[in-house]
Each structure stands twice: as structure tokens, then as C-alpha cells.
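Engineer: pasted the sequence and its predicted model underneath.
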Amino acid sequence: MKLNKALLLVVSLFFCVSAFAQSSKELKRKKEALQREIELAQRNLNKAASGKKLTLGQINAIKAQIRLRQEKISTINSEMKSLDHQISENTNKVHNLKGRLADLKKEYAGMIRFAQRNRNSYDKMMFIFAAKDFNQAYKRIKYLQQFGQYRKKQAAYIQGTEKQLSNQIVVLDKDLKNKGSLLKEQESEKSKLDKNRSEQTAVLNKLSKQERQFKQDIQKKRQQQASIDRQISAAIAREIAAARKKAEEEARERERLAEAKAKAENKPSPTTTASKPKTASEALRATPEAAKLSDAFEANRGSLPSPVANGYITGRFGAYKVDQATAMRNGVVFQTSDGAAVRAVFNGTVSSVFQQFGKYYIVIIHGEYFTVYEGLQSVNVSKGQKVTTKQTIGAAGTSDGVPELGFQIHRGATAQNPESWLAR
């Protein structure tokens with residue numbers, strides 16, 4: 001029984017260490033990804049700041065750096081909490097192992113004393129021959145055999161427990177060193193965050209000096225974005241109208257065939273009419289293929305790949321303030337690396353490709369869903385072309401000297417928040 005309890009202790013220790021290792025790996029991966037995004041933001045900031053004129057890209061890059069740095073500090077804090085919890089658990093297990101080891105040694109010492117009292121063959125033989133009958137003598141022989149085997153097992157288990165205890169102490173020492181490294185990293189990140197905030201203050205001071213020009217640039221950008229959004233909405237509306245028309249034509253054809261069949265068989269004409277799509281969703285899902293693609297797209301909510309392999313979001317979906325005025329954004333804006341490949345986030349068909357203000361815009365249809373890729377410097381797909389998940393469809397363009405990509409998701413004509421669809 002005691003042996004089983006000790007085994008359970010070792011097994012539980014193994015699973016706890018495995019769970020911690022998995023959690024620690026996930027946090028480490030997240031921290032490394034954040035660091036890559038921070039470094040990319042710094043490169044973009046350097047590009048934007050190289051000009052004398054203050055740009056929105058420069059402001060967004062600083063904001064992104066501060067946000068990413070805060071997220072990294074938060075991840076380090078989570079890593080330290082997890083490590084503290086593991087240190088506490090491992091410390092308790094070390095104490096339990098020490099207590100168990102002391103009990104085993106005490107028990108083993110009792111066995112040794114018993115063995116000393118019966119250390120020669122004469123004593124063993126006397127113990128056997130003192131039995132009342134043959135059956136009891138046989139049981140005493142088996143007892144002595146089992147006692148010897150159990151003593152060997154106990155000795156081996158004591159050695160194993162001592163080894164386990166030694167290994168656990170090594171793990172504890174490593175955890176304590178890791179915690180020390182994390183504390184240093186946390187202090188370093190806090191110092192860098194303070195520096196970023198100072199840079200932000202300097203940029204805002206610069207903004208006050210260039211306010212008039214900055215407002216004009218923002219107003220121009222808003223007008224351009226409004227024009228682009230109208231073109232995107234028009235492209236989606238055309239697709240919906242075409243799907244509706246096709247579905248209605250197919251419904252009328254089914255009606256005609258039903259009437260012809262009834263006439264050929266000398267039966268009354270069917271009184272029921274074929275169903276026609278009432279909504280945009282019904283029109284876009286009218287065919288089995290489109291319905292299947294829509295369901296597949298929806299099933300991947302929260303796990304769609306990013307339209308750029310490396311990048312971070314600087315413009316979020318929905319209402320936002322620019323120059324004290326509220327504006328709406330139908331998607332998100334990524335800052336990425338120079339000439340970054342832009343990828344389709346899901347299987348679909350290119351619905352529209354158009355050029356505006358020297359940049360390219362792609363709309364891809366996925367059943368009743370649409371994805372929109374904005375501000376590309378070049379494209380390598382055309383209207384009607386089928387694309388697959390992560391297929392390169394073009395290269396990201398620049399805005400204010402910073403590589404940028406706008407990205408939207410629509411269900412029919414309704415814009416969705418891409419952040420709830422994309423995998424982190």
C-alpha cells in the first residue's frame with residue numbers, strides 16, 4: 001500500500017511538470033512572437049520618422065509598439081505567476097518526498113533489525129521447524145522468501161526516491177534561476193516602455209507644430225478611404241445582385257420544366273411555385289457548393305490565417321477618433337514588412353480586382369462571405385480565378401512610407417470584425 005502511494009506521488013509529479021512545461025512553452029512562444037512584432041514596429045517607426053514631416057504611420061507605429069510592449073510585459077507576468085505556482089508545488093513535493101524517504105528508511109531499518117536477529121541459517125531453520133504442522137512450515141518458508149524479496153524492493157525504491165528527490169531539487173534550482181532571468185527581462189521591458197512613451201510625447205509635441213498639415217493629410221485619407229469603401233460595397237452589391245438573378249432564373253427554369261412535365265403526362269399544372277431567394281444570404285448560398293463553402297468559412301471562425309505572415313494591427317474595426325472627429329473603419333489595418341506577400345485567408349473565387357489612388361484592391365467571395373485586401377502595390381490574381389488558403393495574391397503597399405495592408409470581412413453586405421475571425 002505504501003509503495004502504491006509513493007508511485008501515485010511520482011506519477012502526479014510527472015503530470016504536473018508536463019502540464020507546466022506545456023503552459024510555459026505556450027507563453028514563451030507568445031513572448032517570442034510579440035518580440036518579433038515589436039522589432040518590426042521599430043523598423044517601420046524608423047522608416048516613418050526618417051522624414052521631416054509627421055505622418056499617421058509614425059503615430060500608429062509608436063502606438064503599436066507601446067501596446068505590444070505592454071502585452072509582452074503582461075505575458076512575462078503570466079510566465080512568472082506560472083513559475084511561482086510551479087515552484088510552490090515542487091517545494092511541497094520535495095517536502096513530501098523527504099518525509100516519505102524518512103518513513104521508508106525507518107521501515108527499512110526495522111527490516112534490517114529483524115534480519116539481524118535471524119541472520120544465520122540455523123535461526124531460519126529453527127523458525128521453520130518450530131511450526132505446528134507441515135502447512136504452517138510451508139507458509140513460514142514462503143514468508144521468509146517474500147520478506148527477502150520485499151526488502152530488496154524497498155532498498156531499490158529508497159534509491160529511486162533519493163534520485164527523484166535529487167532531480168526535483170535540480171528542477172527547483174533551475175526554476176529559481178529562470179525567475180531571476182524573467183525579473184531582469186521584465187525590468188528591461190518596463191524601461192523600454194518608458195522610452196516608447198517618451199517618444200510618443202515627443203511626437204505629440206511635434207504634432208502640435210504641424211497640426212494644420214496633419215489635419216489636411218487626415219482629411220484627404222478619410223476621403224480616399226470613403227471612396228474605396230464605396231467601390232468595395234458596390235463590388236459586393238453586384239455579386240449579390242448577380243447571385244440573386246441567377247437563383248431566380250434557376251427557379252423559373254424549374255417551374256417551366258415542372259409545367260412541361262405535367263402537360264406531357266396530361267396532369268394539372270403544379271400550383272406551387274419554385275422558391276426564390278428572399279435575402280442576400282439565401283441568394284449567395286443558393287447552390288450546394290456555395291452553401292458548403294459558406295459553412296466551411298464559418299466553421300473556421302477564430303482560426304483563419306492572417307493575410308500577412310508577419311505583421312501587427314494598428315487600425316481596429318469600428319468607430320475611432322481622428323482629429324477629434326469620429327470615423328468608422330470597416331476592417332483592420334496591418335503594418336507589415338516591405339513587399340510582404342498578401343495571402344488569401346480561405347478558399348474562394350476572386351470576385352473583383354480594381355485600382356484606386358495608385359494601389360490595388362482585391363475582393364474574394366467565399367459563398368455568402370467576402371474578404372477584402374486593400375492597398376496592394378501589385379497583384380497576381382484576376383477576376384474569376386479560384387484561390388486556396390494562404391495562396392499569395394499580391395504584395396503589400398505602403399502608406400506614409402510604412403508597409404501597410406487593409407483587410408475586411410463581410411457577410412453579405414454587412415462588415416464583420418476581422419479580429420474575431422483571425423487566429424492570433
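Structural biologist: Ah, there it is. All figures in this text were calculated on a predicted structure; none of them were measured in a lab. Numbers count the residues shown, from 1 in each chain.

Engineer: let me see the domain layout of the protein.
Structural biologist: When the chain is parsed with automatic domain parsing, its domains come out as 2-209, 300-420.

Engineer: lowest-confidence stretch among those domains?
Structural biologist: Averaged per stretch, pLDDT over the domains of the chain is lowest on domain 2-209, reaching a mean of 68.

Engineer: how about the helices of the stretch 151-300 of the chain, start to end?
Structural biologist: Secondary structure of the stretch 151-300 of the chain (DSSP state H, counting those that start in this stretch): helices at 211-264, 280-284, 288-299.

Engineer: now, of these, which is deepest in the fold?
Structural biologist: helix 280-284 (a mean of 21; mean count of other Cβ atoms under 10 Å). Just so you know, the C-beta spots here come from the backbone N, C-alpha and C atoms, and that holds for glycine as well.

Engineer: ok, and what's touching that one?
Structural biologist: 239-240, 243-244, 247, 277, 290, 294, 365, 367-368, 411-413 (Cβ atoms under 8 Å, 6 or more residues apart in numbering).

Engineer: which one of the residues you listed is nearest Ser337?
Structural biologist: Closest approach between the contacts of helix 280-284 and Ser337, by Cβ to Cβ: Ile365, at 28.2 Å.

Engineer: from Gly315, how far out is the closest one?
Structural biologist: 24 Å (Cβ to Cβ, to the nearest Å).

Engineer: for Ala290, same thing?
Structural biologist: When Ala290 is compared with Gly315 (using Cβ to Cβ), they lie 31 Å apart.

Engineer: of Ile365 and Gly315, which one has the most company?
Structural biologist: Comparing Ile365 with Gly315 by other Cβ atoms under 10 Å, the one with more neighbours is Ile365, at 23 against 18.

Engineer: which residues touch the more buried one?
Structural biologist: With Cβ under 8 Å, 6+ apart, Ile365 has these contacts: Glu239, Leu284, Gly348, Thr349, Ser351.

Engineer: tell me which residues form a beta bridge with it?
Structural biologist: Assessed by DSSP bridges, Ile365 has beta-bridge partners Thr349, Phe370.

Engineer: need the max-distance pair from the contacts of helix 280-284.
Structural biologist: So, the contacts of helix 280-284 by Cβ to Cβ: farthest apart are Ala247 and Arg411, at 17.6 Å.

Engineer: still on that earlier bit, now, which of the contacts of helix 280-284 sits nearest Ser88?
Structural biologist: Arg411 (47.6 Å).

Engineer: quick one: residues contacting the residue nearest to the closest one when sequence neighbours are not counted.
Structural biologist: Distances taken as Cβ to Cβ, 6 or more residues apart in numbering place Tyr369 nearest to Arg411, at 5.6 Å, with adjacent residues excluded. Residues in contact with Tyr369, defined by Cβ under 8 Å, 6+ apart, are Ser294, Phe297, Glu298, Phe346, Ile409, His410, Arg411.

Engineer: and Ala235, by the same measure?
Structural biologist: Here Ala235 is in contact with Ser351, Ser352, Phe354, Val363 (Cβ under 8 Å, 6+ apart).

Engineer: buried stuff in the helix or strand hosting Ala395?
Structural biologist: Per DSSP states H and E, Ala395 falls inside strand 392-399. Across strand 392-399, burial judged by 16 or more other Cβ atoms under 10 Å covers Ile393, Gly394, Ala395, Ala396, Gly397, Thr398, Ser399.

Engineer: same for the helix or strand just after that strand, what does it pack against?
Structural biologist: Where DSSP H and E defines the elements, the next helix or strand beyond strand 392-399 is strand 402-411. Contacts defined by 3 or more Cβ pairs under 8 Å, 6 or more residues apart in numbering; DSSP states H and E place strand 402-411 against helix 2-49, helix 56-117, strand 311-315, strand 332-336, strand 369-379, strand 392-399, strand 414-416.

Engineer: for the contacts of Ala235, which one is nearest Asn46?
Structural biologist: Phe354 (32.6 Å).

Engineer: neighbouring contacts of the helix or strand the closest one falls within?
Structural biologist: Assessed by DSSP H and E, Phe354 sits inside strand 348-356. Residues outside strand 348-356 that contact it (Cβ under 8 Å, 6+ apart): 224, 227-228, 231, 235-236, 238-239, 293, 360-366, 370-371, 379, 381-387, 393.

Engineer: follow-up on the earlier one: each with direction, which strands does the strand holding Ala395 pair with?
Structural biologist: If you go by DSSP bridges, strand 392-399 pairs up with strand 341-343 (antiparallel), strand 369-379 (antiparallel), strand 402-411 (antiparallel).

Engineer: CSV for those, including distance to Arg36?
Structural biologist: As requested, these are exported to CSV (distance: least, Cβ to Cβ, whole Å):
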stretch, distance to Arg36
strand 341-343, 16
strand 369-379, 22
strand 402-411, 15
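
Engineer: wait, which of these is closest to Gln65?
Structural biologist: Across the strands paired with strand 392-399, closest to Gln65 is strand 402-411 (Cβ to Cβ), at 12.6 Å.

Engineer: so that closest one versus helix 288-299, what angle?
Structural biologist: 120 degrees (axes from the mean of the first three to the mean of the last three Cα atoms, to 10 degrees).

Engineer: what about the closest residue to Ser227 other than its chain neighbours, neighbour count?
Structural biologist: Sequence neighbours aside, Gln356 is the residue nearest to Ser227 in space, at 6.8 Å (criterion: Cβ to Cβ, 6+ apart). Neighbour count of Gln356, defined by other Cβ under 10 Å: 14.

Engineer: distance of Gln356 from Glu79?
Structural biologist: 45 Å.

Engineer: cool, and Arg301?
Structural biologist: 29 Å.

Engineer: comparing the two, which residue is more hemmed in?
Structural biologist: Glu79 (22 against 12).

Engineer: near the residue lying closest to that one once chain neighbours are set aside, how many other residues are there?
Structural biologist: Spatial nearest neighbour of Glu79, chain neighbours left out: Leu27 (4.6 Å); criterion: Cβ to Cβ, 6+ apart. By other Cβ under 10 Å, the residues close to Leu27 number 18.
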